[in-house]
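Student: Pasted the sequence and its predicted model underneath.
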Amino acid sequence: MSNYHIKHLEEYFQVYRKSVRNPESYWEEIAEEHFMWHKRWDNVLSYDFDKPEFKWFEGAKLNITENCIDRHLRTRGDKTAILFEPNNPDEEALHISYNELHERVAKMANVLKSQGIKKGDRVCIYLPMIPELAVSVLACARIGAIHSVVFAGFSSSALATRINDSDCKLVITSDGSFRGSKTIDLKGIVDEGLKKCESVETVLVVNRINAEIDMKEGRDQWLQPLLEKAETTCAPEIMDAEDPLFILYTSGSTGTPKGMVHTTAGYMVYSAFTFKNVFQYREDDVYWCTADIGWITGHSYIVYGPLANGATTVMFEGVPSYPDYGRFWEIVEKHKVTQFYTAPTAIRALAKENLEHVEKYDLTSLKVLGTVGEPINEEAWHWYDENIGKKKSPIVDTWWQTETGGIMISPIPYSTPAIPTFATLPLPGIQPALMDEEGNEIKGNQVDGRLCIKFPWPSMARTIWGNHQRYKETYFSAFKNMYFTGDGALRDSVGYYRITGRVDDVVIVSGHNLGTAPIEDAINEHPAVAESAIVGYPHEVKGNALYGYVILKETGESRNQDNLRKEINQLISDRIGPIAKLDKIQFTNGLPKTRSGKIMRRILRKIASNDTSNLGDTSTLLNPEIVQEVMDNVIK
Ligand code: WT7
């Protein structure tokens, strides 16, 4: 029986039981057999849910890039590691072999060193989906610098907030990016953001679009000439198992974004192990995950997980609609993609288009299909299964989070029978629990509750950068001795899990995790706005869309409400990014509040969702009369 590569259901159950009975020996065996260490660990796991503190493979020494690159050179040096597919289909795809990747990473690492970057320094990476993005990530890991990738769709102020939160010394960006038929002025966004960032000493700029840009004397440098001069080898920094590998920001239901800190050894072991199993990856496969490396999905399942397995991983620069809605399938045919991993929102958007876009292409190379980021509805699941997988490729509905570092609940293809809308069973080592509101575990099947994990796993985030107290409060205080996910879930009669959605004030829009508080803060900056409340409501393509209730300072009928709506969305776009824009904005004279002054979002959610049959008891509200008024003015 192989612990590392599960091949049928019985084996899954055997492995799962073993992993739960003795997690330490289970993970130890995997870590020992499948990775390269400079020194073995002294202790597989120590943990304390109260502090909270989790240490995996403590005492071990390693460098993750040796595991992702160097050790493959002897057997797979010429194999394609990264297959880059540009935005423009007429531009040639780039096959970067493991040998080439090794050299590119070394050069980039040497450039970072020459700019004074050392182990432990934070480097912000704000790049489009071009090879330099993956190379920069790996170059940081090579020298022990902590990367903080910020999705290049975030605005200048969102970028500045993230740079300042972790005091990044250096930013890697590009002159611009291609996105479908448009270009985006990334460097301009960086310049704007950096006006508010004192920690940044250096900006390295990739030339991607040949744009005329301002280069700030003494701060900005073109990357290419530096790379050309750089040495082609770079000795890896030997890291401790628990040294931070990266910070990745995710929204919270309140306050500033949370810089989730992932450490080295446990993250490596778990992302590699889950990649291999969930995608049933085999040596000659061509794996493609359509996410952006700016999200955790890209970190774990475009970069680290695939490369740790010596895989070929596709990086796509463009969008699914350019030059037309057949682009994804054209790429699948062109590169003979075997595993395809995307978000339900993309599937729903493509399912709305003419089927000819799919039928034109040969998709017979596909073996496994995956989804991630939000619940997938039954209709989208069937469309994916029938039209893309032709009913022969298993679909893995993978549930996990930025905080979990890797996939937690998912079918294993060809082992776990999949059913639509169910993430099915926990992966080995993962011990889910459903909890009631009183803090009791709900045992048995056909039950639902709040989803928690009751035992540590190797790739869990270890803290929130600079705010361990918030880490404790957010994840370890709702339920004793458990990690609380923020999601609700049900367990059906055979023990399969279905994720039902967030139970907090986070809304998942098109698979993007958006906290309502930062959006409200942005809106409230508008001089005409007194107060606001954001909720999610079901949306056909995006899963959820955002609905804003806004109270104006003066209720002058004279104000042009459409202009105000535009200004509010512009403000959100500037402060956070276009992904956080509101689909509907209702101006209102008041919001339902509890006697202690807390906005009753539950009621607002129901009104926005057109589900007002059962609003619950509103009599205890401070202002019960407002409910009818809000309902009367709802935007359909
Ligand atoms: C939240 C985490 C982890 C990759 C991308 C999102 C929701 C994620 C599923 C799924 C239902 C899902 C949850 C979770 N979510 N995958 N398969 N089914 N919901 O990472 O931005 O940290 O968001 O996404 O609500 O808590 P993230």
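Tutor: Thanks, I have the structure now. Residues are numbered from 1 along each chain as shown.

Student: any idea of the mean pLDDT in the helix ranked longest in the chain?
Tutor: If you go by DSSP state H, the chain has its longest helix at helix 98-114. For helix 98-114, the mean per-residue pLDDT is 98.

Student: what about the strands in the stretch 451-600 of the chain?
Tutor: Counting by DSSP state E, counting those that start in this stretch, the stretch 451-600 of the chain has these strands, from start to end: 463-464, 483-491, 497-502, 506-509, 512-515, 529-539, 543-552, 584-587.

Student: could those strands be laid out in CSV, adding distance to residue 37, mean neighbour count and mean pLDDT?
Tutor: C-beta coordinates here come from the backbone N, C-alpha and C atoms, glycine included. Output for the strands of the stretch 451-600 of the chain, formatted as CSV (distance: least, CB to CB, whole Å; neighbours: other CB atoms under 10 Å; pLDDT from 0 to 100):
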stretch, distance to residue 37, mean neighbour count, mean pLDDT
strand 463-464, 24, 24, 98
strand 483-491, 27, 21, 97
strand 497-502, 34, 19, 93
strand 506-509, 37, 22, 92
strand 512-515, 34, 22, 89
strand 529-539, 44, 20, 94
strand 543-552, 41, 23, 95
strand 584-587, 54, 18, 96
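
Student: Reformat the ones you listed as a markdown table; add distance to the ligand.
Tutor: Below are the strands of the stretch 451-600 of the chain laid out as a markdown table (distance: least, CB to the nearest ligand atom, whole Å):
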| stretch | distance to the ligand |
| --- | --- |
| strand 463-464 | 13 |
| strand 483-491 | 5 |
| strand 497-502 | 4 |
| strand 506-509 | 5 |
| strand 512-515 | 3 |
| strand 529-539 | 11 |
| strand 543-552 | 9 |
| strand 584-587 | 22 |
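
Student: Figure out which of these is closest to residue 125.
Tutor: Smallest distance to residue 125 across those (CB to CB): 18.5 Å, for strand 512-515.

Student: which other residues reach that closest one?
Tutor: Strand 512-515 is contacted by residues 250-255, 257, 295, 373, 402, 505-508, 546, 576, 579-580 when judged by CB atoms under 8 Å, 6 or more residues apart in numbering.

Student: Among these, name the ones in helices.
Tutor: Using DSSP H, no member of these sits in helices.

Student: among those residues, which ones are buried?
Tutor: 250-254, 257, 295, 373, 402, 505-508, 546, 576, 579-580 (16 or more other CB atoms under 10 Å).

Student: what about stretch 40-49, average pLDDT?
Tutor: 98.

Student: What of stretch 338-347?
Tutor: Rounded mean pLDDT across stretch 338-347 is 96.

Student: likewise stretch 188-200?
Tutor: pLDDT averaged over stretch 188-200 gives 98.

Student: Using PDB, list the CA coordinates for that stretch.
Tutor: C-alpha atoms of stretch 188-200 as PDB (Å, rounded to 0.1, in the frame of the first residue of the first chain):
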ATOM      1  CA  GLY A 188       1.200  53.300 -12.700                       C
ATOM      2  CA  ILE A 189      -0.800  51.400 -10.100                       C
ATOM      3  CA  VAL A 190       2.400  50.600  -8.200                       C
ATOM      4  CA  ASP A 191       3.700  54.200  -8.400                       C
ATOM      5  CA  GLU A 192       0.400  55.400  -7.000                       C
ATOM      6  CA  GLY A 193       0.400  52.800  -4.200                       C
ATOM      7  CA  LEU A 194       4.000  53.400  -3.200                       C
ATOM      8  CA  LYS A 195       3.300  57.000  -2.400                       C
ATOM      9  CA  LYS A 196       2.000  55.600   0.800                       C
ATOM     10  CA  CYS A 197       4.800  53.000   1.400                       C
ATOM     11  CA  GLU A 198       7.900  53.900   3.200                       C
ATOM     12  CA  SER A 199       9.400  50.400   3.500                       C
ATOM     13  CA  VAL A 200      10.000  49.900  -0.200                       C
END
